[in-house]
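J.: Sequence and computational prediction follow.
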Amino acid sequence: MTRVRIQLGAAIVAAIVLAVVIASAYAGGGAKASSQGSASIGALRIRDAKLVEPASPDQAVIYLTVRNTGNTDDELIGVTSSIAGAGMLMREETQGLATQMLPVQDIAVPAHSTATLKVGGFHAMLVNLNSVPHRGETVPVTLRFARAGEVTLRVPVVTYEQLEQSNSGP
């Protein structure tokens, strides 16, 4: 009888562990990190995320691509990371010889379209860094979308030269 109780107890523990694993997989609106610099949440596919090794110890820039495969528009509305005091969404604007960085409230991710955060356009900034990331490391970054929710991904740190090489293609 004792052996039966032990087997029954083990089966119950296994069922509870399985339930927790399944529940964790569905938590956060179906957010899923797939590989370095990539993640998915709902109909959004985040790809090619890169954090450029900072020239300043105070701030770092992130570039990435978000593909919306769904029928509903969404917006990127925030960015955070444990290595920074704050995150900001920005747009680079050049008028004549002057270039300035302007904060934006959101970055549109239209249905069946792509939003690209790239040099010379939209980008995400991490400010008030509490640790400076270096080439070869990865940094946890959480993106917040108006409709899809939040997803955290591991973003590789690259040099500006590596970023340029990856953007030039084969």
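T.: Right, received. Where do you want to start?
J.: Break down this structure into its helices, ranges please.
T.: Assigned helices in the chain, in chain order: 2-30, 160-168 (criterion: DSSP state H).
J.: ranking these by mean pLDDT, which is last?
T.: With a mean of 43, helix 2-30 has the lowest mean pLDDT of these.
J.: so how far is residue 115 from the residue nearest to residue 58 when sequence neighbours are not counted?
T.: Closest residue to residue 58 apart from its sequence neighbours, by Cβ to Cβ, 6 or more residues apart in numbering: residue 129 at 6.0 Å. Every residue, glycine included, has its C-beta placed from N, CA and C. For residue 129, the distance to residue 115 equals 25 Å [Cβ to Cβ, to the nearest Å].
J.: Check residue 133 too.
T.: Applying Cβ to Cβ, the value for residue 133 to residue 115 is 24 Å.
J.: Residue 49 versus the residue nearest to residue 107 when sequence neighbours are not counted, what's the distance?
T.: In this structure, residue 107 finds its nearest non-sequential neighbour in residue 76, 4.3 Å apart by Cβ to Cβ, 6+ apart. Distance from residue 76 to residue 49, counting by Cβ to Cβ: 12 Å.
J.: circling back: give the bridge partners for the residue nearest to residue 58, please.
T.: For residue 129, the beta-bridge partners are residue 84 (DSSP bridges).
J.: How many residues are close by it?
T.: 19 (other Cβ atoms under 10 Å).
J.: who's in contact with it?
T.: Neighbouring residues of residue 129 by Cβ atoms under 8 Å, 6 or more residues apart in numbering: 54, 57-60, 83-85.
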